[in-house]
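# Next input, structure requested:
(one chain, ligands or ions: 3)
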Amino acid sequence: MSTASAAGTDGNQRKVFIKTYGCQMNVYDSQRMGEVLGGRGYAVTDTAYGADLVILNTCHIREKAAEKVYSELGRLRLMKDQAGGAMKIAVAGCVAQAEGEEIVRRAPVVDLVFGPQTYHRLPELLDEQAETGSAVVETEFPADEKFDALDAPAGAKMLKRGVAAFLTVQEGCDKFCTFCVVPYTRGAEFSRPAQRIVAEARQLVDAGVREITLLGQNVNGWHGEGLDGGSWTLGHLLDELSAIDGLERLRYTTSHPRDMDDALIAAHGSNPKVMPYLHLPVQSGSDRILKAMNRKHTARSYNDLVARIRAARPDIAMSSDFIVGFPGETDDDFEATMQLVRGVTYAQAFSFKYSPRPGTPAAGHYGQVPEDVKSDRLARLQALLGAQQADFNNACVGRTLDVLLEKPGRKAGQLVGRSPYLQSVFLEAGHRSIGETVRVEITGTGPNSLTGHMVDA
Ligand code: SAH
Ligand code: SF4
Ligand code: F3S
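Ligands and ions are numbered 1, 2, ... in the order given. The predicted structure follows:
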């Protein structure tokens, strides 16, 4: 038996380091993995040095994201050698799901591979690996079993969350956009029951959380039996959650334009705890490209939807995702995207060069766009989006915004919080502390943040 695991059985806590790539759902999953392992005597640490177990919770969305995993495994191999082989290395998340056995072939240093739907079984999988001494690969989709297991934790304690926390309410995707791996890595759409979500939200609020972001690959497709026995969609769920005392703010991400129903749009107007910020990916402004992407919406239907949302909540800050250089995208198609952006005006956005992903239909499409054309389009789009973001931030100067204080700022005495529009706001907080919401007059803007001072302190 190795020294490290002997220390574990001596009663000294074993240590797990979890490195998270990709989207917010991976952040949430990493926290839950930490909790599952907490029930088995592991403490979460913030460095791989000296850890008994290192988990890479990976992302497969673009080639670059997936390749990062292998360079990290190279570094970990050296560390494992230095530790005399005592360190166990696991690959979790979407690369694990997509590549399975291939990971162990390419990186034999890996002891365990498990997908996003099986991490509740981590303790058993670790036992199996220890018993057999060879790599274990688990990438099944045990239907709906994960959350049942996670909701009934044996001796697991909730890890500390801070003021703002994520809560997965929906997982998986049935939309099959032709560029995207998510339907293959996360499986079919599944909504957690309302009752479980409300219980988890209460637990978070009891632990000091003031803002909850509901997560799902298609979060606005969430639906289920409500607490009143009726059939609920996300708008109802937000209303139910907003009744929790001590919970001040609700957000949700990521939404698909096709699933924005009237009740959800109405919630933006009627529920003061639902923050005036919406991430609503459009991907492209060209109907031809949207069709080839299988997005199930047009530029027109998206614009109409944004107009309805703004009618419900005029000050809402819009955010989006864009892909440039999808196969077949012409200069005119790209111009249509620029046109859409000029029309909507975004407060914030993410934009990417199309990355062909193995197993997705678009990877085999004709008309792959050359890299230099993609780079040029991305630069032009990002310049426009960056200017819109700066305009939005500048327009906040002179306004007074509610800021939820989240953590210490860069300087002594300074705290940083979030505006309703998700901007970071730096301020001198005096005697006010983390977790409080303060009124702040905005006095300046930085590249990615605002500064201000408290009014009525
Ligand atoms: N479920 C969400 C987000 C999925 S992934 C949605 O429906 O919008 C996040 C973003 O990554 C996507 O919105 C898309 O803009 C981008 N993306 C996904 N696959 C990609 C690919 N193959 N190449 C480049 N960007 C991609
Ligand atoms: Fe991917 Fe499209 Fe599903 Fe979003 S809606 S996760 S982009 S397939
Ligand atoms: Fe990446 Fe999987 Fe999230 S591919 S974006 S970690 S759902």
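# okay, CA-based contacts and neighbour counts for the rest of this
Will do.
# For the stretch 301-450 of the chain, which residue gets nearest to ligand 2?
Here the stretch 301-450 of the chain gets closest to ligand 2 at one residue, residue 321, 9.1 Å apart by C-alpha to the nearest ligand atom.
# quick one, what contacts that residue?
Residues near residue 321 by C-alpha atoms under 8 Å, 6 or more residues apart in numbering: 280-283, 349-352.
# just the residues of this structure that are near ligand 1, which are they?
Residues of the chain lying close to ligand 1 by C-alpha under 6 Å from any ligand atom are 61-62, 179-180, 217-218, 254, 256, 281, 283, 321-323, 352-357.
# Mind checking which of those residues are in strands?
Of the positions in the residues of the chain next to ligand 1, 321-323, 352-353 sit in strands, assigned by DSSP state E.
# domains for the chain, by residue range?
3-141, 145-395, 400-454 (automatic domain parsing).
# which stretch in the ones you listed is the model least sure about?
For these, mean pLDDT drops lowest on domain 3-141, to a mean of 91.
# Now for the contacts of residue 321, which sits with the most neighbours around it?
Of all those, the highest neighbour tally under other C-alpha atoms under 10 Å goes to residue 282, namely 23 neighbours.
# So that residue sits against residue 319, correct?
No: judged on C-alpha atoms under 8 Å, residue 282 makes no contact with residue 319 at a distance of 9.5 Å.
# For the stretch 301-450 of the chain, just list every one of the strands.
317-324, 348-353, 400-408, 414-418, 424-428, 437-445, 449-454 (DSSP state E, counting those that start in this stretch).
# near ligand 3, which residues of the chain show up?
22-23, 26, 58-61, 94, 182.
# Of all residues in the stretch 351-457 of the chain, which one is closest to ligand 3?
residue 357 (10.5 Å).
# leaving aside the residues next to it on the chain, what's closest to that residue?
residue 363 (5.9 Å; C-alpha to C-alpha, 6 or more residues apart in numbering).
# Let me see the contact set for that neighbour.
So residue 363 contacts 179, 356-357 (C-alpha under 8 Å, 6+ apart).
# which one of those residues is nearest residue 308?
Distance to residue 308, by C-alpha to C-alpha, is smallest for residue 179 among the contacts of residue 363, at 28.2 Å.
# Chain neighbours aside, what residue packs nearest to the closest one?
Closest to residue 179 by C-alpha to C-alpha, 6+ apart is residue 362, at 5.3 Å.
# Just give me the neighbour total for that neighbour.
Around residue 362 there are 22 residues (other C-alpha under 10 Å).
# Please apply the same query to residue 332.
Going by other C-alpha under 10 Å, the residues that sit close to residue 332 add up to 10.
# Look up how far residue 379 lies from it.
16 Å (C-alpha to C-alpha, to the nearest Å).
# before we move on, what about residue 149?
Distance from residue 149 to residue 379, by C-alpha to C-alpha: 45 Å.
# ditto for residue 360
26 Å.
# more neighbours, these two?
Neighbours were counted for residue 360 and for residue 379 using other C-alpha under 10 Å; residue 360 has more, 18 against 13.
# residues in contact with that one?
Counted by C-alpha under 8 Å, 6+ apart, residue 360 has contacts 178-181.
# Got the phi and psi for it?
phi -100, psi 150 (degrees, to the nearest 10).
# Then residue 294?
The phi/psi pair for residue 294 (degrees, to the nearest 10) reads phi 60, psi 40.
# residues contacting it?
175-178.
# run the last query once more with 7 Å
By C-alpha atoms under 7 Å, 6 or more residues apart in numbering, the contact list for residue 294 reads 177-178.
# list the helices and strands the biggest helix by length in the chain packs on?
What stands out as the longest helix in the chain, according to DSSP state H, is helix 371-396. Applying 3 or more C-alpha pairs under 7 Å, 6 or more residues apart in numbering; DSSP states H and E, one finds that helix 371-396 makes contact with strand 317-324, strand 348-353, strand 437-445.
# closest one to residue 43 among the ones you listed?
Nearest to residue 43, of all these, is strand 437-445, at 31.6 Å by C-alpha to C-alpha.
# Centre of the chain to that closest one, how far?
The chain centre lies 27 Å from the centre of strand 437-445; the measure is C-alpha atoms, centre = their mean, to the nearest Å.
# Dump the C-alpha coordinates for that strand into CSV.
Extracted in CSV, the C-alpha atoms of strand 437-445 (Å, rounded to 0.1, in the frame of the first residue of the first chain):
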residue,chain,number,x,y,z
THR,A,437,-26.8,44.3,-1.3
VAL,A,438,-25.9,48.0,-1.4
ARG,A,439,-27.0,51.0,-3.5
VAL,A,440,-24.0,52.2,-5.6
GLU,A,441,-23.6,55.2,-7.7
ILE,A,442,-21.5,54.2,-10.7
THR,A,443,-18.7,56.7,-11.3
GLY,A,444,-16.4,54.9,-13.8
THR,A,445,-15.8,51.9,-16.1
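# and stretch 83-97, does that touch ligand 2?
No: applying C-alpha under 6 Å from any ligand atom, one finds stretch 83-97 separated from ligand 2 by no less than 12.1 Å.
# who's in contact with that stretch?
Residues from elsewhere that reach stretch 83-97, judged by C-alpha under 7 Å, 6+ apart: 2, 4, 51-60, 66, 80, 110-116, 139, 185.
# next one: stretch 181-188
Stretch 181-188 has contacts (C-alpha under 7 Å, 6+ apart) with 61, 94, 97-98, 116, 171-174, 176, 357, 360.
# now residue 244: how far from ligand 3?
Per C-alpha to the nearest ligand atom, to the nearest Å, residue 244 is found 29 Å from ligand 3.
# Please settle this for me: is that residue part of a strand?
No: looking at residue 244 with DSSP: H, G, I helix; E, B strand; the rest coil, it is coil, so not inside a strand.
# how deep is it tucked in, by neighbour count?
Counted with other C-alpha under 10 Å, residue 244 comes out at 13.
# how about it, what does it touch?
residue 202.
# burial count for whatever residue of the stretch 101-250 of the chain ends up closest to ligand 3?
Across the stretch 101-250 of the chain, the shortest distance to ligand 3 (C-alpha to the nearest ligand atom) belongs to residue 182, at 5.4 Å. Counted with other C-alpha under 10 Å, the neighbours of residue 182 add up to 23.
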